[in-house]
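here's a sequence, model it:
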Amino acid sequence: MWQEYDASLALYRGVGQGSERDASPSPGGRILVVCTGNVCRSPYIHLRLASELESLGIEVASAGTGALAGWPVDPGSVALLDAAGIDSTAFRARQLTVDMVEDADLVLTATRAHRRSVVQEAPLGLRKTFTLVDFADLVAELQPDDIERVRGRSLVARVAAAAADRHYLVHPRTDEDADIVDPFRRSPDVFAEMKRQTLPPMGVVIDTFRVMGELVHA
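Next up is the predicted model:
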């Protein structure tokens, strides 16, 4: 079911839940996290990143290519967020739109299938859309010179641009290694696997923004 959604994503414009455009820029930039239903993987990554990056003025949001719009976070992900001390009660799933992609400075997806779908429907997202795991690989050895060579409207935009410029320097993973497992309606063990797959790349991303944020604001 979800793979069918991934392959046939049709993003839309216009007013709908979570699709209204916000013209006011966030000081540090905007990150959009994308999975399928927007109830398991993307809200978990979204809320973990938001809790760590808020102090940098970075806004994090999420949406789904085949969202269960209006649904709260899946109980499996709620348990993981609760264990990390993160409140998810106000969260509601949103359907991904072209406007969301274009308004973001960086789009992080759960799988490469999600990335392909986003870029196919929102071509302006090409150089700023990555899987979470691939993005972490690209920024893991990012240097101050890499940031100084690129331009962007925010810290997030500059880091995303620098990551895109480094794609030829990093040996790509297989799809299996780059993708985060979908735990929807599966056992707690699968949610634990999702956590295991996401924590290391999230740690790299958070550390990168903290270090480069200090550089940009020095």
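
from now on I want contacts and neighbour counts done on CA atoms only, so please keep to that.
Fine.

just checking, next helix/strand downstream of the lowest-mean-pLDDT helix or strand in the chain?
Sorting the helices and strands of the chain by mean pLDDT, DSSP states H and E puts helix 2-7 at the bottom, at a mean of 36. Per DSSP states H and E, helix 2-7 leads on to strand 29-35 as the next helix or strand towards the C-terminus.

direction included, what does that next one pair up with?
Paired neighbours of strand 29-35 in the sheet (DSSP bridges): strand 58-64 (parallel), strand 106-109 (parallel).

how about the ones you listed in TSV, adding distance to Ile147?
Supplementary listing: the strands paired with strand 29-35 in TSV, determined by distance: least, C-alpha to C-alpha, whole Å:
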stretch	distance to Ile147
strand 58-64	17
strand 106-109	15
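
quick one: closest of those strands to Gly152.
Of all the strands paired with strand 29-35, strand 106-109 sits nearest to Gly152, with 11.3 Å by C-alpha to C-alpha.

buried set for the closest one?
Applying a neighbour-count criterion of 16 or more other C-alpha atoms under 10 Å, one finds 106-109 buried in strand 106-109.

can you name the two of these that are farthest apart?
Spatially, the most separated pair among these is Leu106 and Thr109, at 9.9 Å (C-alpha to C-alpha).

mind naming the longest helix for this structure?
Across the chain, the longest stretch assigned as helix under DSSP state H is helix 188-216.

what average pLDDT does it get?
Confidence over helix 188-216 (mean pLDDT, whole number) is 95.

likewise stretch 29-44?
98.

between the two ends of that stretch, how far is it?
20 Å (C-alpha to C-alpha, to the nearest Å).

so what does the closest residue to Asp179 other than its chain neighbours have for phi and psi?
With sequence-adjacent residues excluded and distances taken as C-alpha to C-alpha, 6 or more residues apart in numbering, Asp179 is closest to Thr111, at 4.3 Å. Torsion angles at Thr111 (phi, psi; degrees, to the nearest 10) stand at phi -140, psi 170.

list the contacts of Thr111.
35, 131, 175, 178-180 (C-alpha atoms under 8 Å, 6 or more residues apart in numbering).
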